[in-house]
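**Student:** what's the 3D shape of this:
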Amino acid sequence: MQIRDQVTPATILAELVSHARAQPADTQGFCHVNCQDLYGRFHAKAERIFASFDKYIPLTWYLWRAGESATDIAMRYSSEFLSGGTDRFIGMRLISSDELAAGDNQATKIGAQIRELQKDYDALLERYFLLLCTDDEKQQEKIESIIEALKADTTIVTVVPRYAWSFFAMEDAVIDAVVDRLIYPDDYVRRQAREQVSGLDRRRLVLLLSCLIHGIEENGCFTVSDDFVMHNELVQEFEKDNPEERGSVAEDVIAMDGRFFFREADVNGFEIYQDSVSAVIALYYDAKVRYSHTGDEAVHYLYTLLEQTGETT
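**Tutor:** Numbering: from 1, shown residues only. Prediction:
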């Protein structure tokens, strides 16, 4: 099997930078981030990918500073299971707002630098990620020229500002969940968990997961108070980010009653049917052991694993 057909750290990185949760206006945030902070944040993201991957498939990996400004990231890894022990390289170039604004011939300059790197590593260079960390609206002409200049090279992944910002702001729990989902897409427990929550729309999935984790961690059972359900902070956070999906928690609970929630006469609050989410609970404990995810991190991890677009119940 060719390396590009396998799930590797490079294919996972390619998947992560294709998640555009941010809006174009969010990319203005890049104007307030200096080069060292850019490097630190993206270096930590890259480390997380390799560390998460290594929990499933053993590999040797090393990251170091590269480039003229020492803010680019070079990655080397090898694994008997992926490349027969042969070293593979991944490059990540960070283009800041200041660098993009500094000259008018950026596309040509960047293209020449990448071609030199390709000569050095030849077939060992698996992917080269060019992250345009700039205001999406102010630098549109230069962004388009870079995309046009590099589009013919399939080794290069040009990440436009909205996608770069989404990755910049991405939580570790989301990275871990994407790694898990890609490495073992047909895992039995995950398939069972998706079946158990099938039909739930996204905000109701957030409600269910937040109640489940809170009950387990704070109450030591599968019971949550009325107040926690009706004034659920994670649901409010979800609605803030997705205003088109606002709704009534009271109506959500009614719709989920009998399948996930129920009440006992002598219990103050809602109870969750443990059997209805048994596989979800198994995933929670796996994430707790594998990644130490608890609380909101655990909710975000499970949400990323189980989210099923297009559900409308």
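**Student:** residue 145 should be in a helix, yeah?
**Tutor:** Yes. Looking at residue 145 with DSSP: H, G, I helix; E, B strand; the rest coil, it is inside a helix.
**Student:** give me the neighbour count for residue 162.
**Tutor:** By other CB atoms under 10 Å, 17 other residues sit near residue 162. Yep, even glycine has a C-beta here, placed from its N, CA and C like the rest.
**Student:** how much space separates residue 214 from residue 234?
**Tutor:** According to CB to CB, to the nearest Å, residue 214 and residue 234 sit 9 Å apart.
**Student:** please apply the same query to residue 226.
**Tutor:** Taking CB to CB, one finds residue 226 at 16 Å from residue 234.
**Student:** those two: which has the busier surroundings?
**Tutor:** Just comparing residue 226 and residue 234: by other CB under 10 Å the higher neighbour count belongs to residue 234, 19 against 12.
**Student:** quick one: contacts for that one?
**Tutor:** By CB atoms under 8 Å, 6 or more residues apart in numbering, the contact list for residue 234 reads 206-207, 210, 296, 299.
**Student:** what helix or strand does it sit in?
**Tutor:** Assessed by DSSP states H and E, residue 234 sits inside helix 233-241.
**Student:** could you pull up the mean pLDDT of the helix or strand following that helix?
**Tutor:** Counting by DSSP H and E, the next helix or strand C-terminal to helix 233-241 is helix 249-256. The average pLDDT for helix 249-256 rounds to 93.
**Student:** can you point out the buried residues in helix 249-256?
**Tutor:** Buried residues in helix 249-256, counted by 16 or more other CB atoms under 10 Å: 249, 252-253, 255-256.
**Student:** using PDB, list the CA coordinates for that helix.
**Tutor:** Presented in PDB, the C-alpha positions along helix 249-256 are these (Å, rounded to 0.1, in the frame of the first residue of the first chain):
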ATOM      1  CA  VAL A 249     -33.900  22.700  26.300                       C
ATOM      2  CA  ALA A 250     -37.300  21.900  27.800                       C
ATOM      3  CA  GLU A 251     -38.400  20.700  24.300                       C
ATOM      4  CA  ASP A 252     -35.100  18.800  24.000                       C
ATOM      5  CA  VAL A 253     -35.700  16.900  27.200                       C
ATOM      6  CA  ILE A 254     -39.300  16.000  26.200                       C
ATOM      7  CA  ALA A 255     -38.000  14.700  22.900                       C
ATOM      8  CA  MET A 256     -35.300  12.600  24.600                       C
END
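**Student:** counting contacts, what elements does the helix or strand following it pack onto?
**Tutor:** The helix or strand immediately downstream of helix 249-256 is strand 261-262, counting by DSSP H and E. With contacts defined as 3 or more CB pairs under 8 Å, 6 or more residues apart in numbering; DSSP states H and E, strand 261-262 has these neighbours: strand 270-272.
**Student:** neighbouring contacts of the helix or strand following the strand it packs on?
**Tutor:** Next along the chain after strand 270-272, taking DSSP H and E as the criterion, comes helix 278-291. Surrounding helix 278-291, the residues in contact under the criterion CB under 8 Å, 6+ apart are 52, 55, 172-173, 176, 189-190, 192-193, 195-197, 209, 212-213, 216, 274, 293-294, 298, 301-302, 305-306.
**Student:** re earlier: quick one: buried residues of the helix holding residue 234?
**Tutor:** Buried positions in helix 233-241, judged by neighbour count with 16+ other CB under 10 Å: 234-235, 238-239.
**Student:** kindly report the same for stretch 112-132.
**Tutor:** Buried positions in stretch 112-132, judged by neighbour count with 16+ other CB under 10 Å: 114, 117-118, 121, 125-132.
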